[in-house]
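Asks: I'll drop the sequence and a predicted model, then ask my questions.
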Amino acid sequence: MSTDPPSPIPGPPSSTPAGLFIVYTGNGKGKTSAALGIVLRMMGRGMRACMLQFIKKKSLRAAENRFGEAMGVEIVGLGDGFTWVARDDNASNEALAREGWQICKDRINSGEYHVVILDEITYPITFGWLPVEDVLETIRARPRGLHIVITGRDAHPALIEAADLVTEMREIKHPYQRGVPPQKGIDV
């Protein structure tokens with residue numbers, strides 16, 4: 001691995017291509033994994049990436065967190081644990097989502113990254129904890145050349161409309177349907 005520092009976002013705005021807005025959605029497996037593939041490609045180009053995870057706990061030490069630490073990629077949990085449904089403690093979850101969104105806006109506007117991944121942000125949007133208009137306004141106003149990747153089920157139609165690239169992961173068959181628990185290195 002090169003010891004050279006990651007390159008800054010290249011060039012003045014006039015020479016920097018517009019960044020892409022990418023959405024990975026659907027009920028199938030692979031949304032976060034696809035986003036991590038972009039992180040890997042960025043690293044291979046000496047570019048900087050940041051992944052902000054809305055559902056994962058701040059204290060979680062999952063495989064992607066250990067990978068990020070080893071490779072110098074900022075991967076930050078912003079939530080209180082995994083959920084696909086709104087829970088009784090919505091006020092607490094909403095407050096975490098809003099706090100997390102402010103962190104995301106700071107990272108997006110920092111000028112430090114080539115890509116910012118908003119992992120599982122679709123859930124707080126779906127639950128009404130984050131206004132989709134605010135998310136889109138921030139994405140549209142991002143620094144030139146910054147790529148934004150959003151992951152999660154049930155992406156809001158306005159996100160899909162605004163995106164440059166949308167991929168829907170569709171579940172056809174999954175081992176959990178047979179009672180197979182999540183597998184280390186594959187699911188967790």
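Replies: Arrived safely.

Asks: Name the residues of the helix or strand of the chain with the lowest mean pLDDT that come out as buried.
Replies: Within the chain, confidence by mean pLDDT, DSSP states H and E is lowest for helix 63-71 among all helices and strands, at a mean of 80. The neighbour-count check on helix 63-71 (16 or more other Cβ atoms under 10 Å) flags 64-65, 68 as buried. Glycine gets a C-beta too; all of them are placed from N, C-alpha and C.

Asks: And stretch 144-155, by the same measure?
Replies: For stretch 144-155, burial by neighbour count (16+ other Cβ under 10 Å) applies to 145-153, 155.

Asks: got it, and stretch 116-131?
Replies: 116-127, 129-130.

Asks: my read is residue 23 is in a helix, agree?
Replies: No: according to DSSP: H, G, I helix; E, B strand; the rest coil, residue 23 belongs to no helix; its state is strand.

Asks: what sits against the residue nearest to residue 39 when sequence neighbours are not counted?
Replies: If you skip the residues right next to it in sequence, residue 39 has residue 49 as its closest partner in space, 4.4 Å away by Cβ to Cβ, 6 or more residues apart in numbering. By Cβ atoms under 8 Å, 6 or more residues apart in numbering, the contact set of residue 49 is 38-39, 42-43, 73-74, 113-117.

Asks: what do you get if the cut-off is 6 Å, keeping everything else the same?
Replies: By Cβ atoms under 6 Å, 6 or more residues apart in numbering, the residues touching residue 49 are 39, 42, 73, 115.

Asks: where do the helices sit along the protein?
Replies: 31-44, 63-71, 90-109, 122-126, 132-140, 157-162 (DSSP state H).

Asks: Report the distance from the fourth one to the chain centre.
Replies: Between the mean C-alpha point of helix 122-126 and the mean C-alpha point of its chain there is a distance of 12 Å (Cα atoms, centre = their mean, to the nearest Å).

Asks: tell me which residues form a beta bridge with residue 150?
Replies: In this entry, residue 150 is beta-bridged to residue 23, residue 118, by DSSP bridges.

Asks: my read: it touches residue 121, true?
Replies: Yes: at 5.5 Å, residue 150 counts as touching residue 121 under the criterion of Cβ atoms under 6 Å.
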